[in-house]
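>>> quick one, fold the following:
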Amino acid sequence: MDKKKILILVMSCNQPHFMKQESVCRETWAKGVLDGKYDNIDYYSYTGGWEIGSVNKDKHHVFCSSGDGLFETFQKTVECLNLLNENGVEYDYVFRTNTSTFINVGLLNAFINRGINEDTVYCGELYSIGIPCPTNDFIYARGNSIILSKKLIDVILDWSKYVVIPKKLFADDNIIGNIINTYHILRFEPHKKYLKSYGFAWNKTIPKTKAIVNAGTLDNGVSSWYDNDESYDHLKNFISIQIKTYGNRGLENEKLRKLSNIVC
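This next block holds a predicted model:
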């Protein structure tokens, strides 16, 4: 069976913290991809706010002319995907993530190539946070670790022409969730059947003392927001590990380096 072509797409923005962090991603977990270790995986980062949209294949970066803020992420993501398509970047699956997520590339590659359903969205976390998707009762995939087939990417890009986005509260993962959920609703299909999560962990994102207040709400059964188990036997099980550190984001780059030394 031919290996699936995987495009790892890292959303960043033109702020010093994220620009530096994306560089650290390239130096750590993404280094093997950029060095050609995988003949079926490519890597691109993307930012917004540029005068003209363009793709730099040598730098593996997409420059988007859309806005660069939190509530402009859908426009930025759609423009990025359109630019990649226009520039002949081929893929069977897109893995969309961000700078504050550590990726086990080998495990991601094995997961996709074992044979997954192109109609299903796969992700690390499922969300239902009171934002319509298309109603408040619907769940959707959090965008820090989401796998989308070329078929679903084409649906998103086609439907994006008709999307009207309110000024606040809607980031790209919610809007993508709206499109995919509505797509299945109109086909009279249960949307939950086409939405699945896989092994996902956090790495010391908040101190355990703070998490006690929210006991039971910050736990997915295999990892908690205050997970401090940094053994290889634990970390090897996760495609994605969230390293965002609430309260002290200056710790994150060192965490990326440490996890890379353990897992890669």
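>>> okay, and the helix or strand of this protein with the least pLDDT?
Ranked by mean pLDDT, DSSP states H and E, the weakest helix or strand in the chain is helix 208-211, scoring a mean of 57.
>>> okay, now the nearest residue to Gly143 once chain neighbours are set aside: neighbour count?
Closest residue to Gly143 apart from its sequence neighbours, by Cβ to Cβ, 6 or more residues apart in numbering: Asp173 at 3.1 Å. In short, each C-beta sits where N, CA and C put it, glycine included. By other Cβ atoms under 10 Å, 22 other residues sit near Asp173.
>>> Tyr43 too?
The tally of other residues near Tyr43 (other Cβ under 10 Å) stands at 23.
>>> kindly report the same for Pro207.
15.
>>> which ones are touching it?
226, 247 (Cβ atoms under 8 Å, 6 or more residues apart in numbering).
>>> for it, give its distance to Lys255.
According to Cβ to Cβ, to the nearest Å, Pro207 stands 14 Å off from Lys255.
>>> in the stretch 101-250 of the chain, where is pLDDT below threshold?
The stretch 101-250 of the chain contains residues with pLDDT under 70 at 167-169, 208-220.
>>> for Leu148, helix, strand, or coil?
Classification of Leu148 by DSSP: H, G, I helix; E, B strand; the rest coil places it in strand.
>>> list the buried residues of stretch 118-131.
Across stretch 118-131, burial judged by 16 or more other Cβ atoms under 10 Å covers 119, 121-127, 131.
>>> stretch 178-193 too?
By neighbour count on 16+ other Cβ under 10 Å, the buried set for stretch 178-193 is 178-184, 191.
>>> same check, this time on stretch 239-246
239-245.
>>> please name the residues that touch the nearest residue to Ser66 once chain neighbours are set aside.
Nearest residue to Ser66, sequence neighbours excluded (Cβ to Cβ, 6+ apart): Gln75, at 4.1 Å. Going by Cβ under 8 Å, 6+ apart, Gln75 touches 48, 66-67, 165.
>>> mind picking the lowest-pLDDT entry from the residues you listed?
Within the set of the contacts of Gln75, pLDDT is lowest for Ile165 (78).
>>> and it, which of the three is it?
Secondary structure, three-state DSSP: Ile165 is coil.
>>> now do the contacts for Thr99.
Contact analysis of Thr99 by Cβ under 8 Å, 6+ apart lists 10-12, 18, 21-22, 25.
>>> one more time with 7 Å, if that's ok
Contacts for Thr99 were tallied using Cβ atoms under 7 Å, 6 or more residues apart in numbering; they are 10, 12, 18, 21-22, 25.
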